[in-house]
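Asker: the sequence isn't on hand, but the structure is:
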């Protein structure tokens, strides 16, 4: 027999057992069907000043096959996004210092279209309306069932991926990284001002990496972006293409700086060549 265990502004469904009368039910829930959403590769960033709530949500979402990172305030959000690119941000409205609405306003003013779901304990509609007007993709009031948050995350990502705006914004101006400059209009790559030899397939792959900088891409996703969703070739073929591209970009392809391997997941393009957090 189940009951609800209230947790401050949040409620979690609980199952009663003899050993522990309050065992969160979400710890034993069977993960939902992952289908085309690729939940195993979905990256979520939770920004909330409540540590216990952050930990509970992270635990639940990780058990659903997602990769989750957390921040305790919004003041460091911009810096975090410079080195990590999640698929979606769960952003609390009420935080000390920089609040959720201010952080969202700053994101959208900078042209960042990353999906955002806002959380709040306020009962009035004003903040919800303002948040949606500022560009939040969805809004969830506390208390809530974590399964509803999961459902909303999945729904937002499905909507984004089903529309042209879901694609990462394409770079149009020449893009400089390290000693290289990638010219999208001329479809050329130069190193130290001199042209580098780049095949059409290598250019296409590098363009994808640049347009998805700091975002981990699975082999399956890379093949889909290269060839379309109906492509049924082997995903290991992408390893050969990445290896060829590394031979052009990297001083030592065995220890790549720009196209780094994320163990068990895929690849991530790091423009500044620094070690990426998810590769460790």
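Answerer: Noted; the coordinates are in hand. What you are looking at is a predicted structure, and each value in this text was computed from that prediction instead of being measured. Numbering: from 1, shown residues only.

Asker: now do residue 43 against residue 96, distance only.
Answerer: 26 Å (C-beta to C-beta, to the nearest Å). Bear in mind the C-beta positions are built from the backbone N, C-alpha and C, glycine included.

Asker: neighbour count winner among the two?
Answerer: Shown here are residue 43 and residue 96; by other C-beta atoms under 10 Å, residue 43 has more neighbours (17 against 10).

Asker: isn't that one up against residue 69?
Answerer: Yes. Contact criterion C-beta atoms under 8 Å: residue 43 and residue 69 qualify, at 7.5 Å.

Asker: so how many other residues sit close to residue 110?
Answerer: Neighbour tally, residue 110, other C-beta under 10 Å: 10.

Asker: shared neighbours, residue 43 and residue 69?
Answerer: 84, 86 (C-beta atoms under 8 Å, 6 or more residues apart in numbering).

Asker: and the longest helix for the protein?
Answerer: Longest helix of the chain, by residue count under DSSP state H: helix 146-161.

Asker: identify all contacting residues around whichever helix or strand comes after it.
Answerer: The helix or strand immediately downstream of helix 146-161 is strand 175-177, counting by DSSP states H and E. Contact partners of strand 175-177, identified using C-beta under 8 Å, 6+ apart, comprise 181, 182, 184, 210, 258, 271, 272, 273.

Asker: out of these, which are buried?
Answerer: For those, a burial check counting by 16 or more other C-beta atoms under 10 Å picks out 181, 182, 184, 210, 258, 271.

Asker: from those, which one has the minimum pLDDT?
Answerer: Least confident of these in the model: residue 184, at 89.

Asker: buried stuff in the longest helix of the chain?
Answerer: For helix 146-161, using 16+ other C-beta under 10 Å, the buried residues are 146, 147, 149, 150, 152, 153, 154, 156, 157, 160.

Asker: where are the low-confidence patches of the stretch 1-150 of the chain?
Answerer: Judged by pLDDT under 70, the stretch 1-150 of the chain has its weakly predicted residues at 1-41, 123-124.

Asker: again, only using 90
Answerer: 1-42, 73-86, 93-100, 105-114, 120-145 (pLDDT under 90).

Asker: how about the strands in it?
Answerer: In the stretch 1-150 of the chain, the strands defined using DSSP state E, counting those that start in this stretch lie at 2-7, 10-15, 23-24, 43-47, 67-71, 88-92, 116-120, 138-141.

Asker: can you list the domain ranges for the protein.
Answerer: 8-166, 175-279 (automatic domain parsing).

Asker: how distant is the shortest one from the center of its chain?
Answerer: It refers to domain 175-279. Its chain's C-alpha centre and that of domain 175-279 lie 18 Å apart, by C-alpha atoms, centre = their mean, to the nearest Å.

Asker: helix, strand or coil: sort out residue 210 for me.
Answerer: helix (DSSP: H, G, I helix; E, B strand; the rest coil).

Asker: who's in contact with it?
Answerer: Contacts of residue 210 by C-beta under 8 Å, 6+ apart are 171, 175, 177, 182, 269, 271.

Asker: and the residues you listed as TSV, adding distance to residue 192?
Answerer: Output for these, formatted as TSV (distance: C-beta to C-beta, whole Å):
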residue	distance to residue 192
171	21
175	16
177	13
182	14
269	20
271	17
